[in-house]
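# Okay, here's the prediction I keep looking at, along with the sequence it came from:
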Amino acid sequence: MYVLFFQPTSITYFSSIKKSKENDFFEGLLHSYNNLGEFYSTKGEDQVAYDLYFHGLEIIDKVNDDYLKAEVKGNIGKILTQLHKFSEAYPYLIESYDYFKSLPAKDKMSEGCLNIANYFLKTRNYESALYYINKSIQFSQEISDREKMGKAYVLKSELEFKNPAEAKKHLKNAITIFLEINNNFELAKTNYLLAELLNNEKEWEEALTILENNENTIRKFGSVALLEKNDLLIQKITKEHQTELANNQNQGTLLTKFYETTKELNAINNFDILLETSIDRIMEISGADGGML
């Protein structure tokens with residue numbers, strides 16, 4: 001069971017669906033199902049997106065817009081891949097890609113290559129995955145599509161699972177791009193992947209910092225699913241390294257006390273008071289019962 005939290009954008013789409021149904025406007029209805037599916041897919045709500053895309057599939061034969069139909073089928077293939085329904089996904093992915101290739105529409109061809117590459121990654125056909133990633137990069141460069149370049153780097157990082165240094169480099173390249181184009185959704189997903197990689201490589205402190213900062217990025221587009229994943233990894237790292245974290249916190253507290261003491265002592269002009277205050281503060285910091293200067 002899942003609960004839908006309707007935001008202004010989704011309410012607009014649902015309103016369009018209702019009006020299109022009332023008027024038997026199938027093209028508008030398919031547009032709305034597709035847009036709403038993309039909206040929930042962006043938030044990581046794959047099952048909701050799946051249901052919406054397949055509502056669109058039920059009426060797709062009543063629509064004459066081949067471009068829209070190919071777009072919907074590409075999205076269906078993508079979401080089926082995410083849900084690991086691989087045998088169902090592949091025909092939709094190929095049919096969509098072949099249509100856009102026939103136009104040609106390089107932005108959609110680049111997107112189609114990414115979807116097919118992701119399919120091959122998840123089915124462990126790494127040679128085919130690399131081929132489609134490189135094709136996507138080629139199309140993206142030709143039309144200067146920075147977003148798809150960033151997504152290609154993310155997929156390349158997954159190919160480098162035996163070479164963490166290379167994977168890290170690809171993820172950081174993707175993060176740079178998503179920051180430049182202000183794509184918070186892709187940025188947050190990539191931050192999470194980088195934190196996961198760093199934690200696996202025992203660089204847990206950097207991973208924890210990334211995850212804590214990532215919470216604010218996720219809240220900008222409101223993905224409950226990604227926020228939960230992010231929080232679970234924070235909890236895992238915190239539990240595994242609670243002793244080191246406690247020591248770090250104690251060191252930070254001690255440094256703060258030294259800083260505050262230094263400011264207080266610098267403000268004292270009377271030498272006798274300075275000596276007395278110095279001993280008092282050092283006793284407080286060290287927890288000593290007495291002291292002598």
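Arrived safely, thanks for sending. Numbers count the residues shown, from 1 in each chain.
# For burial, what's the neighbour tally of Ile116?
Ile116 has 27 neighbours, counted by other CB atoms under 10 Å. (C-beta placed from N, C-alpha, C; glycine too.)
# typo on my end, Leu232
Leu232 has 11 neighbouring residues, counting by other CB under 10 Å.
# Show the contacting residues for it.
For Leu232, the contact set (CB atoms under 8 Å, 6 or more residues apart in numbering) is empty.
# in this protein, which residue is closest to the centre?
By CA atoms, centre = their mean, the chain has its centre lying nearest to Lys189, at 1.1 Å.
# That residue against Leu226, yeah?
Yes - proximity of Lys189 to Leu226 meets the contact threshold set by CB atoms under 8 Å, at 6.7 Å.
# how near is Glu45 to Gly37?
Taking CB to CB, to the nearest Å as the measure, Glu45 falls 10 Å from Gly37.
# sorry, that was for Gln141
Separation of Gln141 from Gly37 (CB to CB): 29 Å.
# Of the two, which one has the most company?
Neighbour count, other CB under 10 Å: between Gln141 and Gly37, Gly37 has more, with 27 against 14.
# Mind telling me what element that one is part of?
Element membership of Gly37, judged by DSSP states H and E, is helix 26-42.
# What are the buried residues along that helix?
Using 16 or more other CB atoms under 10 Å as the burial criterion, the residues of helix 26-42 that qualify are 26, 28-41.
# which secondary structure elements does that helix contact?
Using 3 or more CB pairs under 8 Å, 6 or more residues apart in numbering; DSSP states H and E, the elements in contact with helix 26-42 are helix 8-22, helix 46-59, helix 66-82.
# and the second one, what's its mean pLDDT?
Here the mean pLDDT over helix 46-59 is 95, rounded to a whole number.
# same for whichever strand or helix holds Ala165, what does it pack against?
According to DSSP H and E, Ala165 maps onto helix 164-180. Helix 164-180 is packed against helix 146-159, helix 184-200, with contacts defined by 3+ CB pairs under 8 Å, 6+ apart.
# who wins for proximity to Leu211 among the ones you listed?
With CB to CB, the closest approach to Leu211 among the helices and strands packed on helix 164-180 belongs to helix 184-200: 4.8 Å.
# May I see the buried residues of the closest one?
184-199.
# Which neighbouring elements make contact with it?
Packing contacts for helix 184-200, counted by 3+ CB pairs under 8 Å, 6+ apart, involve helix 146-159, helix 164-180, helix 204-219, helix 224-240.
# what angle separates the third one from helix 164-180?
Counting by axes from the mean of the first three to the mean of the last three CA atoms, to 10 degrees, helix 204-219 lies at 30 degrees to helix 164-180.
# Repeat that for the first one.
Between the axes of helix 146-159 and helix 164-180, defined by the same axes, to 10 degrees, the angle is 160 degrees.
# which of the residues in helix 146-159 are buried?
Under 16+ other CB under 10 Å, the buried positions of helix 146-159 are 147-159.
# Could I get the CA-only coordinates of stretch 21-35 as PDB?
What follows is stretch 21-35 as a C-alpha-only set of coordinates in PDB (Å, rounded to 0.1, in the frame of the first residue of the first chain):
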ATOM      1  CA  LYS A  21     -11.900  11.600 -20.000                       C
ATOM      2  CA  GLU A  22     -15.000  13.700 -19.900                       C
ATOM      3  CA  ASN A  23     -14.400  14.800 -23.500                       C
ATOM      4  CA  ASP A  24     -12.900  11.600 -24.900                       C
ATOM      5  CA  PHE A  25      -9.800  13.500 -25.700                       C
ATOM      6  CA  PHE A  26      -7.400  10.500 -25.900                       C
ATOM      7  CA  GLU A  27      -4.300  12.400 -27.000                       C
ATOM      8  CA  GLY A  28      -4.600  14.800 -24.100                       C
ATOM      9  CA  LEU A  29      -5.300  11.900 -21.700                       C
ATOM     10  CA  LEU A  30      -2.200  10.000 -22.900                       C
ATOM     11  CA  HIS A  31      -0.100  13.200 -22.500                       C
ATOM     12  CA  SER A  32      -1.400  13.600 -18.900                       C
ATOM     13  CA  TYR A  33      -0.700  10.000 -18.000                       C
ATOM     14  CA  ASN A  34       2.800  10.200 -19.400                       C
ATOM     15  CA  ASN A  35       3.600  13.600 -17.700                       C
END
